[in-house]
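# the sequence and its predicted three-dimensional model are supplied below.
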Amino acid sequence: MTTRKPTTVVHGLSFDIEEAFHALNMWTATPPETWDDQPSRVEQVVDGILSLLDERGLKATFFVLGLVAEARPAVVRRIVEAGHELASHGYSHRMAGDLGREGFEQDVRRARGLLQDVSGVEVAGFRASTFSIGRGTRWALPIVSRAGHAWDSSVFPVRHDRYGDPDWPSEPVHLDLHDDQGRAPPLREYPLLTRRLLGRSWPAAGGGYLRLLPFGVVDGALRASAARGQPGVVYLHPWELDPGQPRHDLGGLRTLRHYSGLQRMGERLRTLLDRHAFGPIGDIPVPDDRRLDPARLPD
């Protein structure tokens, strides 16, 4: 039985548009120098996502990787023509810390310019590869702002072996940003959905957490967030909805992270869409008094 959707809180629904071989877990089998030779499957899966959302009258945010926009510009145009919010996932899918400050700025600016040229619309939102803005890489936020973005959704306020900023608040905030260049333009931050338990914030934002964990983890986190009057932000990748993708031997943990749960992901997504209210991330309002200076957080 489908539970009635809440009517007062609209959560942020997002898709990180990349090929399966772009995922960090895949790099041992499909390193970046081989990407031009890998079969592309993103276009057909995105078409399926667009059809699913159209059937339900829903709009979402699509964070498109620059490499995808460059190789498959028609994908970008179809997203925009369908009325969805276009946002940037950077250009190369390299993590912020690996790129460094100069490389990250070049990557961010290149992706935004490319997406705007292909789509003909302004790109206001950004999400870093692998949620790689957090503790140790907060310097990236003024760069995102100065590159022309109005909002960001890169921070995952959890502890994780690859990413995370456990000291970050769970709710959307206005950021007061400054660095050695002075004050940066305003930026709204929409952190990924978490669930507070045993004195700690646990990830519950979709993606691998929707594939690998019991369905109630993400479903319950959305309900708990709505009960507080706070929209949550969830994400999925197209390759998570593509169980027929090529299989590679990635080793134990990487294989688990990438391939487990692919067969059930489509049905789980449909159930979430039926149970909760969703919309684009950039439409989520942030109260004027909800402000954060990242420089005041613990290092």
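Thanks, I have the structure now. Numbering: from 1, shown residues only.

# tally of neighbours for residue 189?
Counted with other CB atoms under 10 Å, the neighbours of residue 189 add up to 23. Yep, even glycine has a C-beta here, placed from its N, CA and C like the rest.

# do I have it right that it meets residue 155?
Yes: Residue 189 is within contact range of residue 155, at 5.9 Å (criterion: CB atoms under 8 Å).

# with just CA atoms, put stretch 189-200 into CSV.
Listed next in CSV are the C-alpha coordinates belonging to stretch 189-200 (Å, rounded to 0.1, in the frame of the first residue of the first chain):
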residue,chain,number,x,y,z
GLU,A,189,24.5,25.2,0.7
TYR,A,190,22.1,22.2,0.5
PRO,A,191,23.7,19.3,2.4
LEU,A,192,22.8,15.7,1.6
LEU,A,193,20.2,14.0,3.7
THR,A,194,21.2,12.3,7.0
ARG,A,195,19.5,10.7,10.0
ARG,A,196,20.5,11.4,13.5
LEU,A,197,21.0,8.3,15.7
LEU,A,198,23.1,7.5,18.7
GLY,A,199,24.6,11.0,18.8
ARG,A,200,25.8,10.8,15.2
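
# pull the distance from it to the chain's centre.
Here stretch 189-200 is found 15 Å from its chain centre; the criterion is CA atoms, centre = their mean, to the nearest Å.

# before we move on, what about stretch 134-149?
In terms of CA atoms, centre = their mean, the centre of stretch 134-149 is found 16 Å from the chain centre.

# contacts for that stretch, please.
88, 96-97, 101, 104-105, 108-109, 112, 123-126, 128, 132-133, 152, 154-156, 163-168, 175, 177-179, 181, 184-187, 189, 294-295, 297, 299 (CB atoms under 8 Å, 6 or more residues apart in numbering).

# output the below-cut-off pLDDT ranges for the stretch 1-150 of the chain.
1-7 (pLDDT under 70).

# picking up where we left off before, are any of the contacts of stretch 134-149 buried, and which?
Buried members of the contacts of stretch 134-149, scored by 16 or more other CB atoms under 10 Å, are 88, 96-97, 104-105, 108-109, 112, 123-126, 128, 132-133, 152, 154-156, 163-166, 168, 175, 177, 179, 184, 187, 189, 294.

# next step: those restricted to strands.
88, 125-126, 152, 175, 179, 187, 189 (DSSP state E).

# got those as JSON lines, with distance to residue 196 columns?
As requested, those are arranged in JSON lines below (distance: CB to CB, whole Å):
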{"residue": "88", "distance to residue 196": "30"}
{"residue": "125", "distance to residue 196": "26"}
{"residue": "126", "distance to residue 196": "26"}
{"residue": "152", "distance to residue 196": "22"}
{"residue": "175", "distance to residue 196": "22"}
{"residue": "179", "distance to residue 196": "31"}
{"residue": "187", "distance to residue 196": "25"}
{"residue": "189", "distance to residue 196": "18"}
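
# let me know the closest of those to residue 55.
Closest approach between these and residue 55, by CB to CB: residue 125, at 24.5 Å.
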